[in-house]
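K.L.:
let me see the structure of the following:
(chains A and B)
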Amino acid sequence: MTIEQQVNAANDRVMEILTKGRPVWKDVRPALDVIPGMTETTVLVPGPPLPVERLTTPIRTAVCGAAVHEKLAKTKEEAWEMVLRGEITVAQAQDHQCGCAACMVVSASMPVIVAEDSVYGGKGYAPIHPGPNPKCLRWGFYDEDVERDLSWFRDHYGPALGHAVRAAGGIDLVTVLAKTAGMGDENHNRQPAASMYLALQVIPWMLDLEDPDRDEMIRHLAANDRFFLHPMMAGVESITATMKQVPLSTVVAGMAGNGVEFGIQLAGTGNRWYTTKAPVIKGTFLNPSYTEADLLGYLGDSCVTEVYGLGGMSAIAGPAYLRMTGSNIAEARSRTEKARAVSLGEHTFAPVPWDDFKGFPVGLDARKIIGYNILPISHGGSALKKGGQGGAGAAELPLECFKEALRGIYQEALVRTEQEG
Amino acid sequence: MDCDKILDLFQSELVVVNVGPKLFATALEKQGYRTVQVDWKPVAGGDREMQKILEVLGGLE
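P.N.:
Sure thing, here's the model as predicted:
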């Protein structure tokens, strides 16, 4: 076979996994018990690797806060010294099949959503969305209030959600997407319909709990219209875990920003990152006093939803998000059409009524992105340099990381050809 | 030499096929001519290294 034929065959296999895989939310468990390679002194962070000295302020706060939460250190300052001495390991969440949105980090005792692909068997993980309170670890804050919330999630909310999901026999995330098709979610930054439908599956089982905080937990779940994002991220990770086992595929299997650099992973080279300067998310500011100078570059793993065809890829499914971030429906259509031009397949389970009932594109092919010079768009919330959310909007995925990725696959193909003689 | 066909061409309505920047087509449209814009860009935006890699990896129609 020629290299092109080998790449095409690899991509066919990856597209089968992407379109036929079935992510199911199965459980909630402490990270140490389930995430491969997790240790008591590991903190998983979003984005591609960055030397710890260059970690952004909100991530540094979240890492140190997680270390104090784990009782590895008494103060954030002491924790930072341990990070610098290498006594606390900072690792990339996506290299451990975990997705950390925004500034969120995961440490050993934190409860994580466990998703499993019921067709190909891959597993994926993500922390639980903290809810609408802007002061949280997920946006780079840590103090006594945040510690109280983290402890409550660890001791009550996480185990309760785990109980409910196990009792329900798992919740099929594709069914959630299908049931809420045409309800205006693009499922990266806007998911009230999916979150409500998910709550319908979970709450009946939470009513069985004997925990004195039962009502508070149900209230917390029902009041969070962003809840679905994190189970979906875990679901995507369960799919990409298998995609990353297919050599030579040029399909995007991971992407994220660390606030300084943006990186992608191709299925064909597994967890290898291809990075460049992170783009800034443009759209709307949450406070009119903010300016672009207040924002970090793209930060967070939540764009793994785009890997699965959601968010900017299916922008036409959620025109209200475009409206909210200062754009319009023509731009929503354009974003989805751009994604179609550089994708290898389509998810057909959630057709969009106002897009002639078309499904949404999935499977970004780095060859097409470079060859046609068409850059797909990711939606996202932007982080402030000082911590906190600055705004929401969209960013063009940067060309350079796709070029670097093609170089990586090309070199890999040459080496394999040489080895095969 | 039979010049009839060429003369016919110049006497018929001019329709211009434009390949490249739309600016050229727009200039003619402003003078009342009909144009057809061909949606064409060089592969990989003209990046020679990427063109060479894509010749091996394929994937473009």
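
K.L.:
just the pLDDT for residue 25.
P.N.:
Went with chain A since none was named. Predicted confidence (pLDDT) for A:Trp25: 98.

K.L.:
look at chain B instead
P.N.:
Predicted confidence (pLDDT) for B:Ala25: 91.

K.L.:
mind checking the SS state of it?
P.N.:
The three-state label for B:Ala25, taken from DSSP: H, G, I helix; E, B strand; the rest coil, comes out as helix.

K.L.:
what's the host helix or strand of A:Asn8 in contact with?
P.N.:
In this structure, A:Asn8 is located in helix A:3-20 according to DSSP states H and E. For helix A:3-20, the surrounding residues in contact (C-beta atoms under 8 Å, 6 or more residues apart in numbering or on different chains) are A:1, A:119-120, A:239, A:242-243, A:246-251, A:253, A:267-268, A:308, A:344-347, A:362-363, A:365, A:367, A:409, A:413, A:417, B:56-59. Glycine gets a C-beta too; all of them are placed from N, C-alpha and C.

K.L.:
ok, which stretches of the stretch 51-200 of chain A are strands?
P.N.:
With strands called from DSSP state E, counting those that start in this stretch, the stretch 51-200 of chain A shows them at A:89-92, A:111-117, A:123-127, A:171-172.

K.L.:
can you check chain B too?
P.N.:
Along chain B, the segments classed as strands by DSSP state E run B:15-19, B:34-38.

K.L.:
hmm, A:Gly124 and A:Ile239 touching each other?
P.N.:
Yes: A:Ile239 is within contact range of A:Gly124, at 7.3 Å (criterion: C-beta atoms under 8 Å).

K.L.:
overlap of the contact sets of those two?
P.N.:
A:23, A:117.

K.L.:
what residues does stretch A:166-175 touch?
P.N.:
Contacts of stretch A:166-175 from elsewhere in the structure, counted by C-beta under 8 Å, 6+ apart, are A:22-27, A:115-116, A:118, A:165, A:198, A:201-202, A:205, A:208, A:231-232, A:235, A:349.

K.L.:
quick check: beta-bridge partners of the residue nearest in space to the middle of chain B?
P.N.:
To find the centre residue of chain B, average its C-alpha atoms and take the closest one (C-alpha atoms, centre = their mean): that gives B:Val19, at 1.9 Å. Under DSSP bridges, the beta-bridge partners of B:Val19 are B:Val38.

K.L.:
next one: it relative to B:Asp47, how far apart?
P.N.:
Remark: distance between B:Val19 and B:Asp47 (C-beta to C-beta, to the nearest Å) = 20 Å.

K.L.:
count of neighbours near A:Ile128?
P.N.:
24 (other C-beta atoms under 10 Å in any protein chain shown).

K.L.:
contact partners for it?
P.N.:
Listed by C-beta under 8 Å, 6+ apart, the contact partners of A:Ile128 are A:28, A:111-113, A:153, A:157-158, A:161, A:230.

K.L.:
neighbours of the closest residue to A:Leu375 other than its chain neighbours, how many?
P.N.:
Nearest-residue entry for A:Leu375: A:Glu396, 4.5 Å, with adjacent residues in sequence omitted and distances by C-beta to C-beta, 6 or more residues apart in numbering or on different chains. A:Glu396 is surrounded by 15 other residues when neighbours are defined as other C-beta under 10 Å.
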